[in-house]
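> Sequence first, predicted model second:
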Amino acid sequence: MDKIICLGKNYSDHIKEMKEAAPEKPVLFIKPESSFIEVKEGIKIPLPWHRGEIHHELEVVFKLYKKNIIGIGLGLDLTLRDVQKKLKEHGHPWEIAKTFKNSAIVTPFKAIRDFEGDWKQTPFILKVNGQIKQQSTMSQSILDPNQMIHYIDEYFPILDGDLIFTGTPSGVGPLKPDDEIELSMGPIQYKFKLVDKTRGC
Ligand code: ZN
């Protein structure tokens, strides 16, 4: 992996909940490999809670090889929302709100053939402490997967192993230490915990 390429504002229900105008095309930004952590069942993930609200953004994640999708995963694009809000007000880049350690949480990848039926119609779901917080399907996204890759390719070199975070649907909200997280989409099913940074980071 060289980088994680993220789409912002790729689901209209999320653009509405943020009370923002729809851009002409979704926003692009990058998370470095150092922000990445792979989910394992039961893993405990420390986060920097002292820096303001950390919001979950549930996203379908693609793994690419030769600009083709070779794996589908689920991810949390964690965002320091208070920090991001201030940056937006000043018209500054979002980087520091999005690139902290463990801010790109990603499940192991499945092949498209591992999904029963159309993977784009398979609901992807985030539960926090047993409650559904975000739920959608890839078919709701503004750009379809091929359009995303084509669009990204205009601006960034896409290297083998790069990941795409494909944007979040509505329902984003704050997390807290000791929250139990469940990510699911067809054959992808993981449960893990968020913990205090002081315990193990
Ligand atoms: Zn996002």
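Here it is on my side, so go on.

> ok, the closest residue to D179 other than its chain neighbours - contacts?
Leaving out its chain neighbours, the residue that sits closest to D179 by C-beta to C-beta, 6 or more residues apart in numbering is L194, at 4.9 Å. (Glycine included, C-beta is placed from N, CA and C.) Under the criterion of C-beta atoms under 8 Å, 6 or more residues apart in numbering, the contact list for L194 reads 44-47, 175-179, 181.

> what about the helices in this protein?
12-17, 81-89, 95-98, 145-153 (DSSP state H).

> Just the buried residues of the helix or strand of the chain with the lowest mean pLDDT, please?
Least confident helix or strand of the chain, by mean pLDDT, DSSP states H and E, is helix 12-17 with a mean of 87. Of all the residues in helix 12-17, those buried under the rule 16 or more other C-beta atoms under 10 Å are 14-15.

> Look through the chain and state the residue closest to the ion.
Proximity of the chain to the ion (C-beta to the ion) peaks at D77, 3.5 Å away.

> beta partners of that residue?
In this entry, D77 is beta-bridged to A104, by DSSP bridges.

> okay, the helices of the chain in JSON lines with distance to the ion next?
Output for the helices of the chain, formatted as JSON lines (distance: least, C-beta to the ion, whole Å):
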{"stretch": "helix 12-17", "distance to the ion": "9"}
{"stretch": "helix 81-89", "distance to the ion": "10"}
{"stretch": "helix 95-98", "distance to the ion": "8"}
{"stretch": "helix 145-153", "distance to the ion": "13"}
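
> most packed of those?
The highest average neighbour count among those, using mean count of other C-beta atoms under 10 Å, belongs to helix 95-98 at a mean of 19.
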